[in-house]
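Undergrad: Starting from these lines, generate the structure:
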Amino acid sequence: MVEKLFEINQAIERIREAVRPFPKAAMFALADEGYGSPFEQLVSCIISIRTYDEVSLPVSRRLFARARTPEAMSRLTPAEIEQLIQDCTFHEPKSRQIHAIAQRIVTDYNGELPCEAEVLLAFDGVGPKCSNLTLGIACGQACISVDIHVHRVTNRWGYVQTRKPEKTLTALEAKLPTVYWVEINQLLVPFGKHICTGNLPHCSTCPVAEMCQQVGVEKHR
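TA: The predicted structure follows:
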């Protein structure tokens, strides 16, 4: 079998057009609505963990209607935060995490969340995915956020060959042009939801099918 050459520049251009009709990934949608501060992006990402965008978006909006800054959030109790985010998965531990992060920002950083990976990753419950999304969207830093869609799709393409998201992050940092580091998540979340799906991907209508290795695909539409 002849290995197909994956032209990433061409692929990105085609995928931009292909995902245009679909809803944006939650974090990018919230930024477009004005919830683009580092704190809002970090909190929204915590809410979104193991939660569908259709749920996490209204949950984030409801929480921010009460508190949009670390100072305002710290004045709420964890129980009040939990009541506001109760529709998301793991709402009880997330409410405690969000409250603790808000208090820490007020106490240690004068109420302003620094755009520093070391600071974000030091918070309980914050991993590379949320840290990198926050830094990329809110801070304009070149960071790759690897979720299940980015991991699955880039491996299915054969663009990287990894078994775990953290390995995919390292592989993409070594190979993906920096200009796409933030956008790759913005594009591949809707692409992975609606076209390159986990089961029965829509290969027959995929805009990058001719360059895709289809790694692990046994059946498709």
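
Undergrad: What's the first helix or strand after the longest helix along the chain?
TA: Longest helix in the chain by number of residues (criterion: DSSP state H): helix 91-109. Following helix 91-109 in sequence order, the next helix or strand is helix 117-121 (DSSP states H and E).

Undergrad: Can you give me the buried ones in that next one?
TA: 117, 119-120 (16 or more other Cβ atoms under 10 Å). Where C-beta positions appear, they are placed from N, C-alpha and C, glycine not excepted.

Undergrad: give me every residue that touches the closest residue to Lys164 other than its chain neighbours.
TA: Spatial nearest neighbour of Lys164, chain neighbours left out: His151 (7.8 Å); criterion: Cβ to Cβ, 6 or more residues apart in numbering. Taking Cβ atoms under 8 Å, 6 or more residues apart in numbering as the criterion, His151 is in contact with 162, 164-165, 168.

Undergrad: Domains in the chain, by residue range?
TA: The record's domain parsing of the chain by automatic domain parsing lists 8-19+144-211, 26-137.

Undergrad: Turn the ones you listed into CSV, columns for distance to Val217 and mean pLDDT.
TA: Below are the domains of the chain laid out as CSV (distance: least, Cβ to Cβ, whole Å; pLDDT from 0 to 100):
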stretch, distance to Val217, mean pLDDT
domain 8-19+144-211, 6, 97
domain 26-137, 24, 97
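
Undergrad: Can you convert those into CSV and add a column each for distance to Lys219?
TA: Formatted as CSV, the domains of the chain follow (distance: least, Cβ to Cβ, whole Å):
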stretch, distance to Lys219
domain 8-19+144-211, 6
domain 26-137, 24
